[in-house]
Structure formats: structure tokens, C-alpha cells
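> Sequence first, predicted coordinates after that:
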Amino acid sequence: MYNVVFVLGPPGSGKGTICAQIQENLGYVHLSAGDLLRAERERVGSQFGALIENHIKNGSIVPVEITCSLLENAMIASKDANGFLIDGFPRNEDNLSGWNKQMGGKVNEQFVLFLSCPVDVCIDRCLHRGQGRTDDNVDSLKKRVETYNHSTFPIIEHFGKLGMVREVNSERPVAEVYNDVVEVFTAANQK
Ligand SMILES: Nc1ncnc2c1ncn2[C@@H]1O[C@H](COP(=O)(O)OP(=O)(O)O)[C@@H](O)[C@H]1O
Ligand SMILES: O=c1ccn([C@@H]2O[C@H](COP(=O)(O)OP(=O)(O)O)[C@@H](O)[C@H]2O)c(=O)[nH]1
Ligand SMILES: [Mg+2]
């Protein structure tokens, strides 16, 4: 059984930043669904490159079969990890049901880390992220925020009803956010 923590929050809430630090210090392997999709988009011979780029630009969500296979392959490639940080997934109902179908019984879902941050702050961060992403522009960000509000937040609420959500306010400086996140991991791994 793989230990899994889902890391969710609006675009720019700091998921990637916090996951990198947790990976560094706590031995979890960071798997960003967005990074895996961008790598697949660039892979020579991929049949999904154009489809992935369309979804990324439009802030819509790639069919789960593609994303989930990338995640499972990455997990198999690091099977000795303490656990996995699944960053930016599941983002909608299709993601959640596809994951349950493909991964149910293979994973121990520890909790959902919810990085909460006001949308205006998040958008500003994305516009200054400086990674040259094709979706860090005002038009794409509008759509990404809409997708987050309509499709992803309900998934967080779903996990909330199961008592699985650990919310950390990520509007604060990274070091403060990180300290609270470590407390969440410590508590979860004491059980
Ligand atoms: N707590 C924070 N305070 C200020 N800036 C932050 C914070 N966390 C992340 N950032 C910056 O905001 C941008 C988006 O962060 P990132 O980790 O890529 O977010 P996400 O993966 O949720 O989209 C990056 O430029 C990052 O350096
Ligand atoms: O499970 C996922 C994760 C990401 N994406 C796509 O990839 C984009 C960027 O995702 P990422 O997590 O990198 O963005 P972030 O929230 O970190 O800014 C999203 O807007 C989606 O179009 C997707 O389709 N499925
Ligand atoms: Mg990210």
C-alpha cells in the first residue's frame, strides 16, 4: 500500500512550493500532476501533447485516464518512498472516480492538505511566478479560478465530509505555512 497525501488549493496557493520542502525533509515523494502533464506534453512521440496543451491553456481538466496513469507510473518508479504527495489532483469528479477505480485498494489515503489563500493573492502570485507557463496569464487564470471554484472546491468539500481535510492558511510567508504543514504531517504519522 502506498501512503498518499492529496495537496489541493487554488492555482498559486503554494502547493508546489510546500511539497518541495516536505519532500526534502520528510521523505515523501512529490508528484505534481501538472508537472507530469507538462512533461508528457513535451515527450517526443506522445499522442496527448496537443490535447494536454489545450486543457492547460483553457484551465480545463485533462481526462483522468491520462493523469492517473502518469501518477501511477511515477509511484511505481519510486516504490520505496515513505509516501507520495499528490499535488493538484484530484481536481474534479471525473478525477476522483477514475482514481478510485484505478487506485482503490492500492493506496492508503492519509489526508488532504488544503492550502487556502484568497484568489486575488493567488492570481498575483501566478502572474509573477516567472516559469514561462502558457497558463500564467490573465485569460487562462480566469478560467483556472472558475474551474477551481466549480470543480475542485467541491472535491475538497467531499473529503471534508469524510473528516480528511487539514486546512492551512497559505496567505502567510512560506516558513509559517511550512511549520503548520509539518505539524499536520507529524500528527498524521503519530497515529
Ligand atoms: N506563502 C507564499 N508567500 C508568497 N509567495 C509564495 C508563497 N508560496 C508560494 N509562493 C510563490 O507563488 C508562486 C506560486 O507558487 P506555487 O508553489 O507554484 O503554487 P501552486 O503549485 O499552488 O500553483 C511561486 O512563484 C511561489 O514562489
Ligand atoms: O490533475 C490535473 C492537474 C493539472 N491539470 C491541468 O494542468 C494545469 C496546471 O496544473 P498545475 O497543478 O500545474 O497548476 P497550479 O495549481 O500548480 O498552478 C491545470 O490548470 C489543468 O489544466 C489537469 O488537467 N489535471
Ligand atoms: Mg503547482
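That came through, no problem. If you're wondering where the values come from, they're calculated on a predicted model, not measured in any experiment. Ligands and ions are numbered 1, 2, ... in the order given.
> what's the span of stretch 127-139, first residue to last?
Taking CA to CA, to the nearest Å, stretch 127-139 runs 11 Å from one end to the other.
> and that stretch, anywhere near ligand 1?
Yes: contact of stretch 127-139 with ligand 1 (CB under 6 Å from any ligand atom) involves residue 129. Using the backbone N, CA and C atoms, a C-beta is placed for each residue, glycine as well.
> and for the helix or strand harbouring residue 181, what are the contacting residues?
Using DSSP states H and E, residue 181 sits in helix 174-190. The contact list for helix 174-190 (CB atoms under 8 Å, 6 or more residues apart in numbering) reads 5, 14, 17-18, 21-22, 25-26, 110-111, 113, 115, 166, 168-170.
> try 7 Å this time
Residues outside helix 174-190 that contact it (CB atoms under 7 Å, 6 or more residues apart in numbering): 14, 17, 18, 21, 22, 26, 110, 111, 113, 166, 168, 170.
> burial measure for the fifth one, as a count.
By the other CB atoms under 10 Å criterion, the neighbourhood of residue 22 contains 23 residues.
> Show the contacting residues for the residue in the chain that ligand 3 sits nearest to.
The chain approaches ligand 3 most closely through residue 16 (3.6 Å), counting by CB to the ion. Going by CB under 7 Å, 6+ apart, residue 16 touches 32, 87.
> any idea how far residue 141 is from it?
To residue 141, residue 16 is 16 Å away according to CB to CB, to the nearest Å.
> again with residue 127
Noted for residue 127: a distance of 7 Å to residue 141, by CB to CB.
> ok, so what distance separates the residue nearest to residue 36 when sequence neighbours are not counted from residue 126?
Spatial nearest neighbour of residue 36, chain neighbours left out: residue 70 (4.1 Å); criterion: CB to CB, 6 or more residues apart in numbering. Going from residue 70 to residue 126 by CB to CB gives 22 Å.
> Could you give the number of residues near the residue lying closest to residue 167 once chain neighbours are set aside?
In space, and not counting its chain neighbours, residue 167 is closest to residue 114: 4.5 Å by CB to CB, 6+ apart. Around residue 114 there are 22 other residues, counting by other CB under 10 Å.
> State the helix or strand in which residue 114 lies.
Assigned by DSSP H and E, residue 114 falls in strand 107-116.
> tilt between the helix or strand following that strand and strand 107-116?
Note on strand 107-116: by DSSP H and E, the next helix or strand toward the C-terminus is helix 119-127. Going by axes from the mean of the first three to the mean of the last three CA atoms, to 10 degrees, helix 119-127 is angled at 100 degrees with respect to strand 107-116.
> Can you name every helix or strand that helix 119-127 contacts?
Identification of packing neighbours for helix 119-127 by 3 or more CB pairs under 7 Å, 6 or more residues apart in numbering; DSSP states H and E yields helix 138-147.
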